[in-house]
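Asks: What follows is a predicted protein model with its sequence.
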Amino acid sequence: MGTVPSNPSWNPLMPNTEFISTGFHVPERVVTNNDLAEFWETSDEWIQERCGIQTRHWTERGGETGSDLGLKAAQSALERADMDPSELDCIVYATLSPEHFFPGGGVFLQKKLGLTGIPALDVRNQCSGFLYGLSVVDAWIRSGQYRRVLLVGAEVQSPALEYDYPEGRNIGVLFGDGAGAAILGPAEESDRGVLGTNLFSDGRFAEHLWVEGAGMRRYPWVSHEDLENRKLYPRMEGREVFKHAVNRMPEALSALMEEHGVKAEDIDLLIAHQANLRINEMVARRLKLRDDQVYNNIQRYGNTTAASIPIALDECARSGRLNRGDLLALTAFGSGFTWASALVRW
Ligand code: ACO
């Protein structure tokens with residue numbers, strides 16, 4: 001455990017936000033790199049060497065949706081907290097893979113939880129979605145607006161991969177499906193909970209990692225031509241994303257560490273968004289963190305976008321890798337470009 005001082009701005013009327021519990025769920029179907037090599041020209045060796053991924057979980061085609069996975073993750077978090085869904089007073093749902101153009105996925109999760117009336121906010125900041133959501137939830141809880149908030153990152157990305165198209169391998173080998181959930185509330189002690197968050201974006205890079213259509217920028221908003229030109233699939237300039245990710249995540253976290261007087265040796269655990277193991281190795285090196293200060297699970301789940309941080313959090317919380325009083329650092333980078341970080345006294 002580090003020696004970082006508690007939040008100097010703490011006051012009982014504006015308590016810190018603490019993680020009450022976490023949960024996660026991934027679909028049963030495990031897809032290996034060799035499975036992918038059956039329809040894309042790729043190999044286990046290429047994928048492991050460039051990305052570190054060995055397996056990912058995909059839903060059955062036409063099977064579970066994001067809110068189905070989110071429901072199971074939420075139920076696991078509720079059970080761990082010994083809470084009934086009726087005790088929740090807000091839902092924040094982060095995704096890049098919405099079930100429908102509208103409404104957002106949060107209300108589908110709300111319905112499945114059997115809740116009515118409470119707000120359900122959708123966060124559409126892709127890989128940074130969980131940390132953007134955490135920042136909003138932290139502000140609400142500190143201000144006293146809500147006391148029990150369910151924050152979910154949920155993704156079903158496998159339907160949007162181009163299995164029948166050679167270029168589909170570029171993105172297809174990276175993504176996995178899954179959901180992670182956290183229940184957050186006011187901390188009783190001044191020295192625990194979310195110490196701070198920071199958020200960034202740079203829209204100049206919006207088109208470097210995106211789905212061009214369908215969308216209301218186009219008329220008609222979806223067309224046969226769009227389908228033929230494969231405009232409904234994600235496109236990524238991989239090297240550009242890599243270059244920015246390895247700079248922006250350490251920059252964001254270093255700025256937050258400086259603001260809170262945290263040194264590299266104070267950090268008990270870093271969980272970075274699981275986009276690529278090579279990115280995360282470089283981020284850890286730039287932050288001067290040892291291997292034992294860092295947790296990665298992309299090897300088993302691939303890139304689950306907004307779900308990757310809460311899935312890793314729950315694994316660490318349940319396995320004893322993350323203990324009460326530990327100083328936890330979180331950081332993410334993704335489409336937008338957006339990036340973010342957080343420091344949490346667990
Ligand atoms: N299997 C086999 N070969 C492949 C594959 C594949 N899956 N993908 C590309 N290749 C080939 C290319 O065609 C190219 O062949 P060529 O040299 O004959 O032209 C060669 O491998 C190198 O291709 P690059 O795209 O230059 O490969 P790179 O080393 O950049 O690695 C990668 C690609 C892994 C995608 C890397 O750029 C990366 O990790 N970028 C960041 C990705 C990322 O983190 N995205 C965020 C995800 S999105 C989000 O989280 C919202």
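Replies: Great, that's in hand. Residues are numbered from 1 along each chain as shown.

Asks: From here on, just use CA atoms for contacts and neighbour counts.
Replies: Noted.

Asks: Any idea how far stretch 152-172 is from the middle of the chain?
Replies: 17 Å (CA atoms, centre = their mean, to the nearest Å).

Asks: Can you name the helix or strand that the closest residue to residue 310 other than its chain neighbours falls in?
Replies: Nearest non-adjacent residue to residue 310, counting by CA to CA, 6 or more residues apart in numbering: residue 180, 4.6 Å away. For residue 180, the element it lies in under DSSP states H and E is strand 178-186.

Asks: for residue 225, same thing?
Replies: Going by DSSP H and E, residue 225 is in helix 224-228.

Asks: So which residues on the stretch 1-150 of the chain come close to the ligand?
Replies: 42, 46, 50, 51, 126, 127 (CA under 6 Å from any ligand atom).

Asks: What residues does the stretch 151-300 of the chain have near the ligand?
Replies: Close to the ligand, as judged by CA under 6 Å from any ligand atom, the stretch 151-300 of the chain has residues 169, 170, 173, 238, 239, 241, 242, 275, 276.

Asks: quick one on the thing from earlier: counting contacts, what elements does the strand holding residue 180 pack onto?
Replies: Helices and strands touching strand 178-186, by 3 or more CA pairs under 8 Å, 6 or more residues apart in numbering; DSSP states H and E, are strand 17-25, helix 66-81, helix 129-143, strand 149-155, helix 308-319.

Asks: So residue 190 sits against residue 14, correct?
Replies: No - because the distance of 9.9 Å does not satisfy CA atoms under 8 Å, residue 190 is recorded as not touching residue 14.

Asks: same question for stretch 328-345, mean pLDDT?
Replies: Across stretch 328-345, the average pLDDT comes to 98.

Asks: Can you report how many residues neighbour the residue in the stretch 101-250 of the chain positioned nearest to the ligand?
Replies: For the stretch 101-250 of the chain, the nearest residue to the ligand under the criterion CA to the nearest ligand atom is residue 238, separated by 3.5 Å. Residue 238 has 12 neighbours, counted by other CA atoms under 10 Å.

Asks: Could you dump the residues of the stretch 1-150 of the chain next to the ligand into CSV and include pLDDT, secondary structure and neighbour count?
Replies: Shown next, in CSV, are these (pLDDT from 0 to 100; DSSP: H, G, I helix; E, B strand; the rest coil; neighbours: other CA atoms under 10 Å):
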residue, pLDDT, secondary structure, neighbour count
42, 98, coil, 17
46, 98, helix, 12
50, 97, helix, 12
51, 97, helix, 21
126, 97, helix, 26
127, 98, helix, 32
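
Asks: out of the helices and strands packed on strand 178-186, nearest to residue 333?
Replies: Proximity to residue 333 (CA to CA) singles out helix 129-143 among the helices and strands packed on strand 178-186, at 9.3 Å.

Asks: send the alpha carbons of the closest one over as CSV?
Replies: The C-alpha coordinates for helix 129-143 follow below in CSV (Å, rounded to 0.1, in the frame of the first residue of the first chain):
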residue,chain,number,x,y,z
GLY,A,129,-16.4,5.0,-21.9
PHE,A,130,-15.9,3.4,-18.5
LEU,A,131,-13.6,6.1,-17.2
TYR,A,132,-15.8,8.9,-18.7
GLY,A,133,-18.7,7.2,-17.0
LEU,A,134,-16.8,7.0,-13.7
SER,A,135,-16.0,10.7,-13.8
VAL,A,136,-19.7,11.6,-14.2
VAL,A,137,-20.7,9.1,-11.5
ASP,A,138,-18.0,10.5,-9.2
ALA,A,139,-19.4,14.1,-9.6
TRP,A,140,-23.0,12.9,-9.0
ILE,A,141,-22.1,11.0,-5.9
ARG,A,142,-19.9,13.8,-4.5
SER,A,143,-22.6,16.3,-5.0
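
Asks: What residues does residue 344 make contact with?
Replies: Contacts of residue 344 were listed using CA atoms under 8 Å, 6 or more residues apart in numbering, and they are 192, 193, 194, 195, 196, 327, 328, 329.

Asks: beta partners of it?
Replies: Beta-bridge pairing of residue 344 under DSSP bridges involves residue 194, residue 328.

Asks: now it: how far from the ligand?
Replies: Computed with CA to the nearest ligand atom, to the nearest Å, the distance linking residue 344 and the ligand is 22 Å.

Asks: Would you agree residue 57 is in contact with residue 28?
Replies: Yes - here residue 57 reaches residue 28: they are 6.7 Å apart, a contact under CA under 8 Å.

Asks: who has more neighbours, the two?
Replies: For the pair residue 57 and residue 28, the greater number of neighbours falls to residue 57 (22 against 10), based on other CA under 10 Å.

Asks: What sits closest to that one if chain neighbours are left out?
Replies: Sequence neighbours aside, residue 30 is the residue nearest to residue 57 in space, at 4.6 Å (criterion: CA to CA, 6+ apart).

Asks: Tell me which residue is most central in the protein.
Replies: For the chain, the residue sitting closest to the mean C-alpha position, by CA atoms, centre = their mean, is residue 306 at 2.7 Å.

Asks: returning to what we had before: mean neighbour count, the helices and strands packed on strand 178-186: which tops it?
Replies: Mean neighbour count, computed with mean count of other CA atoms under 10 Å, is highest for strand 149-155 among those, reaching a mean of 32.
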